[in-house]
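> sharing a model prediction with you, sequence too.
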Amino acid sequence: MAKLITGRFDNIDGVKKAFAAIAHAGFTREQYGAFYTPPPGQHDHHPVGGDSLRDGATADSAPGALTGAAMGGGAGLALGAVGALAFPIAGLAAVLAGAGVGAYIGSLMGAMSQVDDDASPDESTKTHPVEQPGGMRIAVNVDAGADEEESAISALESAGAMDVAQAEGVWQHGQWKDFDARIPPTTSPNATP
């Protein structure tokens, strides 16, 4: 596994600037490469579409959905019974419709209440990914040592890179071959916060 430093860019101008800075820092063309990652959820790693059945932010939403469905179903049942008393023609249909609508709304609200908007990339797995934003990325192979690591971080940051991080991967002919956008790289301790 090669040791890599990565950075994300919002536009091609930043990538061009980074390529110039990396080359100026003494890296050969075989030591760095650029690639595009689509936005989260669009990597099509799952058979029915998307990246996984659920992501890191929604890993705990199922219990909330069940609780919400029970509470909403009960409330809907009560409202449906009141509706059936007010409009006797509606009868059992009003009771069942109230319970169904209440359970649906309750499950949605319960699931949403358990979503973790601040899921940490450190908790990311292939089953429950916490993905970084999409965009152009550059990876620099820094296997030669700590001096190369600092030079790569400095070059990427001088070009305006975001999410500068360390990673490991298979490096061949200037490309990171086994990149998986569902597993974010580790934030580099030497990168500027």
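Yep, it's here.

> and the next element down the chain from the strand or helix carrying Ala167?
Secondary structure from DSSP states H and E places Ala167 in strand 162-169. Downstream of strand 162-169, the first helix or strand assigned by DSSP H and E is strand 171-172.

> can I see the domain layout of the chain?
2-45+131-187, 60-113 (automatic domain parsing).

> quick one: which of those domains has the weakest pLDDT on average?
Among these, domain 60-113 carries the lowest mean pLDDT, at a mean of 79.

> for Ala25, phi and psi?
Main-chain dihedrals, Ala25, degrees, to the nearest 10: phi -80, psi 0.

> what ranges does this protein have for its strands?
Secondary structure of the chain by DSSP state E: the strands cover 2-9, 32-37, 135-141, 162-169, 171-172, 175-176, 186-187.

> possible to save those strands as JSON lines with mean neighbour count and distance to Val101?
In short, each C-beta sits where N, CA and C put it, glycine included. Shown next, in JSON lines, are the strands of the chain (neighbours: other C-beta atoms under 10 Å; distance: least, C-beta to C-beta, whole Å):
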{"stretch": "strand 2-9", "mean neighbour count": "23", "distance to Val101": "43"}
{"stretch": "strand 32-37", "mean neighbour count": "17", "distance to Val101": "40"}
{"stretch": "strand 135-141", "mean neighbour count": "23", "distance to Val101": "41"}
{"stretch": "strand 162-169", "mean neighbour count": "19", "distance to Val101": "43"}
{"stretch": "strand 171-172", "mean neighbour count": "18", "distance to Val101": "55"}
{"stretch": "strand 175-176", "mean neighbour count": "20", "distance to Val101": "50"}
{"stretch": "strand 186-187", "mean neighbour count": "14", "distance to Val101": "45"}
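
> in JSON lines: these, plus distance to Gly110.
Shown next, in JSON lines, are the strands of the chain (distance: least, C-beta to C-beta, whole Å):
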{"stretch": "strand 2-9", "distance to Gly110": "35"}
{"stretch": "strand 32-37", "distance to Gly110": "33"}
{"stretch": "strand 135-141", "distance to Gly110": "34"}
{"stretch": "strand 162-169", "distance to Gly110": "33"}
{"stretch": "strand 171-172", "distance to Gly110": "45"}
{"stretch": "strand 175-176", "distance to Gly110": "40"}
{"stretch": "strand 186-187", "distance to Gly110": "33"}
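
> burial count for Gly26?
Neighbour count of Gly26, defined by other C-beta atoms under 10 Å: 11.

> repeat that for Leu96.
Leu96, neighbours per other C-beta under 10 Å, totals 14.

> right, I'll leave it there.
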